[in-house]
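Visitor: this is the structure alone, sequence omitted:
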C-alpha cells in the first residue's frame, strides 16, 4: 500500500483484535490465540492508540491525520508519516482491513 | 522478634484498610505478588504500587506482567462468551453471562483487574439444545455437573461452562428465567448483554454461599464491594429476587462475609432487610469463622455441607433429595445408569464433603469460638462431641416424620429414662409440651432430654420455661417454647406415664436448691 493509498482509503478494525487500556499502557490483544501468551500482544504509544481508536470504517486516512494534528503537537507531514507506518504494521498483523464501500444515504 | 505476617494477611489488610503492603525486601515482595496473583488481585495491586518506591522494581515488573497476562486471558474469555452468546442467539436461545463474564467490564476499570478462570454462561432456554449446538460447532465437551456442562473452545484453550441453573442441586433455588431476561440490560463491552445488578448480586451470593461455602478468592469477595461502590442497587428489587429464588439466607451470609473480609459497604436498606434473614445457627457459625476472616478465603477448606445445611432451614429434605437424586440430560435408554446414579451420587457426596464435614463437626474443636457441645440426651457432662447440625437434623426429621427415635446416653433422668433406652420424640405441633413432660430441647451445651418443671399450664404465655434432669440437683438455664424441639411420647419396651408427680418433686427440689444457693451466697461473699 502506497502512502497515497493509505491516506485515501477507509479502513476498519478487525473484530479479531481488541484494544484495551490497562494502567498507563494501551494493548492490542489478538483474540485468536491460546492462553496468555504475551508475545502476541502489541503495546501502542499514545498516538498509535489514538489512531487505532480513530480507525472506524468511516473516516479515511486524511480525516484521521486531521484529528491527530488537532489532538497532538505534531505537524501534518509528520502525522501522515506516522499514520502510514502504523497502518502498514496493522495491515501486516491483519488488525485492520479496507472497509467495504458504504451505501449512499 | 515479631512474627512476620503472611502475604495473604498483608493483602487482606490492604483491601480492608486501603494501605498497600510494604515489603521489607525483594523475596517478600515476590511472595506478596504471587499471593496477589492467586487471589486475583495482582492487577489492582499493580495499580496502587506501580510507582511506589516501597516496592522493588523487579516485583513491580512481575505485577505488570501478571496484569498484561490477565488482560489477554480476560479478553479471550470474554470473546468466547460473546461468540457462544451469538451462536445461541442465532438459534433463538436466550443466554446471559454469569459471574466474572458479567461484571469484569462494568465493575472494574479493566478486564485485567478481574481475572477469570473460565467463562460462565446461563442458558435460559432449552439447555439440551444449547449443548447440542455447541457440540455441532466444534466445542468439545469436558464434563457435566448437575447444573452445568463445560466445553473446550475450539479456537482457544478457554473453557466455557454452560449453566442451566445457578448452583448445584438444580431447582433448590428457583430461577425466574423470564424475569432475569426482562431485567437484563445492554452492556458496552465485548459481552453485549448482562444481568441486572440486582440479579447479579443474588447470583454472586448464591455462588459464594451455596456453591463455595463462602470460601472465595479475595477478588471474588471484592466483587460485592465493587457492586455497591459502582452501581446503584435497588434494595427492594434485590429483596424480591432473593425471596422468589429462596436465596435470602445466601444473600445475607455473603453480604456479611464481604463486609468483614473486604470492607464492602452494604447499602443501609439492603443491610437492614437481610440482617434478620440469616438463620441463627448459621449466623453463629459465620461469626465464629469471621473472627479469622482468612478462614473464608481460598485456600481455606470450605465447610460446604455445613453451610448448605444452614442455608436452607425448613428445606433440608429437599436439599438431600436434590443432592442425591440428580437429573442430568442424557439418553433415556441408559436405564441402569439412571437407576444407579443416586447411589453413586450419594457415595460421591459422602466422599466429597460428607466425611470431611463429619470430621470437622465431630473431631476437631476449633481453636476459637465455643467448644463443641455433645449429643447428650439425658444430662451429666458432655461425653461426645456434637455439631449444631445435629440439632438441625433432628429438627428437620421431626418436621418430616411423625416421630423420631433417639437413644438415651446419660443417667440424670433415671429411673424414668436409663442409658440405652430408646425414646420416641414427637414434634411439638403434634404433641404440645406440658408441665411434667420430658422434652428434647436446645441447651447451651447441646441437645438435652430433660423434664419440663415450669411450663404451661403453670407458666404464663411468653414467660420462660424451666427444665431439669430428674436426678440433677438444679434446673437448667431458662429456655423459651421455641427451644423445645420435641416431646417424648414413649419409651420403647416400657411404660411411659405422664411425669406430673416427678415434675412436682423435681420442681420442689430445684426451688430448695435455689433457696439454699441464695442463702449461701452472702456467706461465700
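Guide: Received the coordinates, thanks. These numbers come from a predicted model, not from an experiment.
Visitor: got a list of what residue B:238 touches?
Guide: By CB atoms under 8 Å, 6 or more residues apart in numbering or on different chains, the contact set of residue B:238 is B:198, B:201, B:202, B:251, B:270, B:273. Every residue, glycine included, has its C-beta placed from N, CA and C.
Visitor: just these now: which is nearest residue B:311?
Guide: residue B:251 (10.1 Å; CB to CB).
Visitor: got a pLDDT number for the closest one?
Guide: For residue B:251, the model assigns a pLDDT of 98.
Visitor: run a quick neighbour tally on it.
Guide: Applying other CB atoms under 10 Å in any protein chain shown, we find 27 residues neighbouring residue B:251.
Visitor: secondary structure element for it, which one?
Guide: According to DSSP states H and E, residue B:251 maps onto helix B:248-262.
Visitor: below-threshold pLDDT in the chain: ranges please.
Guide: Just going to use chain A. A:33-39, A:103-105 (pLDDT under 70).
Visitor: please refer instead to chain B.
Guide: B:1-3, B:157, B:326-393, B:395-403, B:430, B:461, B:493-498, B:517-525.
Visitor: longest helix of it?
Guide: If you go by DSSP state H, chain B has its longest helix at helix B:57-90.
Visitor: after that helix, next one along is what?
Guide: Downstream of helix B:57-90, the next assigned helix or strand under DSSP H and E is strand B:95-97.
Visitor: show me the strands in chain A, by range?
Guide: Secondary structure of chain A, counting by DSSP state E: strands at A:11-13, A:17-22, A:25-30, A:42-44, A:96-98.
Visitor: how about the stretch 151-300 of chain B?
Guide: B:159-163, B:185-186, B:193-194 (DSSP state E, counting those that start in this stretch).
Visitor: okay if I get those strands as a markdown table plus mean neighbour count and distance to chain A?
Guide: Converted to a markdown table, those look like this (neighbours: other CB atoms under 10 Å in any protein chain shown; distance: least, CB to the nearest CB, whole Å):
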| stretch | mean neighbour count | distance to chain A |
| --- | --- | --- |
| strand B:159-163 | 22 | 12 |
| strand B:185-186 | 9 | 18 |
| strand B:193-194 | 19 | 17 |
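Visitor: now the helices for the stretch 201-350 of chain B?
Guide: Under the criterion DSSP state H, counting those that start in this stretch, the stretch 201-350 of chain B contains helices at B:218-230, B:235-244, B:248-262, B:268-275, B:280-290, B:304-311, B:316-324, B:335-349.
Visitor: can you redo those as JSON lines with distance to residue B:60?
Guide: Shown next, in JSON lines, are these (distance: least, CB to CB, whole Å):
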{"stretch": "helix B:218-230", "distance to residue B:60": "20"}
{"stretch": "helix B:235-244", "distance to residue B:60": "39"}
{"stretch": "helix B:248-262", "distance to residue B:60": "23"}
{"stretch": "helix B:268-275", "distance to residue B:60": "38"}
{"stretch": "helix B:280-290", "distance to residue B:60": "33"}
{"stretch": "helix B:304-311", "distance to residue B:60": "38"}
{"stretch": "helix B:316-324", "distance to residue B:60": "47"}
{"stretch": "helix B:335-349", "distance to residue B:60": "45"}
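Visitor: where does chain B get nearest to chain A, residue-wise?
Guide: Nearest to chain A, among the residues of chain B, is residue B:69, at 3.8 Å (CB to the nearest CB).
Visitor: how many residues are close by that residue?
Guide: Residue B:69, neighbours per other CB under 10 Å, totals 20.
Visitor: again with residue A:85
Guide: Residue A:85: 13 surrounding residues under other CB under 10 Å.
Visitor: check contacts around it.
Guide: Applying CB under 8 Å, 6+ apart, no residues contact residue A:85.
Visitor: for residue B:253, same thing?
Guide: Per CB under 8 Å, 6+ apart, neighbours of residue B:253: B:205, B:208, B:209, B:214, B:278, B:282, B:286, B:307, B:311.
Visitor: ranking by neighbours, what's the top pick from these?
Guide: Top of the contacts of residue B:253 by neighbour count (other CB under 10 Å): residue B:214, with 31 neighbours.
Visitor: give me phi/psi at that residue?
Guide: Per-residue torsions, residue B:214: phi 70, psi 0 (degrees, to the nearest 10).
Visitor: that one contacts residue B:307, correct?
Guide: Yes. Residue B:214 lies in contact with residue B:307 (CB atoms under 8 Å); the separation is 6.0 Å.
Visitor: quick check: closest non-adjacent residue to residue B:289.
Guide: Excluding its sequence neighbours, the residue lying closest to residue B:289 (CB to CB, 6 or more residues apart in numbering or on different chains) is residue B:295, at 5.0 Å.
Visitor: what's the angle from the longest helix along chain A to strand A:25-30?
Guide: Determined from DSSP H, the single longest helix within chain A is helix A:76-92. Angle, helix A:76-92 to strand A:25-30, by axes from the mean of the first three to the mean of the last three CA atoms, to 10 degrees: 40 degrees.
Visitor: report how many residues lie close to residue B:17.
Guide: 9.
Visitor: dump the residue contacts of it.
Guide: residue B:263.
Visitor: tell me if stretch A:92-105 is near chain B.
Guide: No. Stretch A:92-105 lies out of reach of chain B by CB under 8 Å from any CB of the partner chain, never closer than 13.7 Å.
Visitor: distance from that stretch to the middle of the chain?
Guide: Centroid separation for stretch A:92-105 versus its chain: 12 Å, with CA atoms, centre = their mean, to the nearest Å.
Visitor: who in chain B is up against chain A?
Guide: B:43, B:46-47, B:50, B:64-65, B:67-73, B:75-76, B:79, B:110-112, B:155-157, B:190.
Visitor: show the buried residues in those residues.
Guide: Among those, the ones that count as buried by 16 or more other CB atoms under 10 Å in any protein chain shown are B:43, B:46-47, B:64-65, B:67-73, B:75-76, B:79, B:110-112, B:155-156, B:190.
Visitor: including distance to residue B:466, could the strands of the stretch 151-300 of chain B go into CSV?
Guide: Putting the strands of the stretch 151-300 of chain B into CSV (distance: least, CB to CB, whole Å) gives the following:
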stretch, distance to residue B:466
strand B:159-163, 52
strand B:185-186, 58
strand B:193-194, 57
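Visitor: and residue A:53, which of these is closest to it?
Guide: strand B:185-186 (20.8 Å).
Visitor: what does that closest one contact?
Guide: Contacts for strand B:185-186 (CB under 8 Å, 6+ apart): B:192, B:193, B:194, B:196.
Visitor: ok, now stretch B:162-170?
Guide: With contact meaning CB under 8 Å, 6+ apart, stretch B:162-170 is reached by B:84, B:95, B:98, B:120-123, B:127, B:130-131, B:134, B:145-151, B:171, B:173, B:175, B:203, B:206-207, B:210-211, B:319, B:322-323, B:326-327.
Visitor: what is the burial count for residue 96?
Guide: The chain I'm using is chain A. Neighbourhood size, residue A:96 [other CB under 10 Å]: 19.
Visitor: could you do chain B instead?
Guide: Neighbours of residue B:96 using other CB under 10 Å come to 26.
Visitor: what about residue B:512, neighbour count?
Guide: The number of residues packed near residue B:512 is 11, by other CB under 10 Å.
Visitor: distance of it from residue B:145?
Guide: Distance, residue B:512 to residue B:145, by CB to CB, to the nearest Å: 62 Å.
Visitor: just residue B:105 next, same as before
Guide: 26 Å.
Visitor: between those two, point out the one with more neighbours.
Guide: A direct count of neighbours by other CB under 10 Å for residue B:105 and residue B:145 places residue B:105 higher, at 22 against 15.
Visitor: residues contacting the more buried one?
Guide: B:78, B:111, B:187, B:188, B:189, B:190, B:191.
Visitor: neighbours around the closest residue to the second one other than its chain neighbours, how many?
Guide: Ranked by CB to CB, 6+ apart and with sequence neighbours excluded, the top spatial neighbour of residue B:111 is residue B:74, at 3.5 Å. Applying other CB under 10 Å, we find 30 other residues in the vicinity of residue B:74.
Visitor: I'm done for today, thanks for sticking with me.
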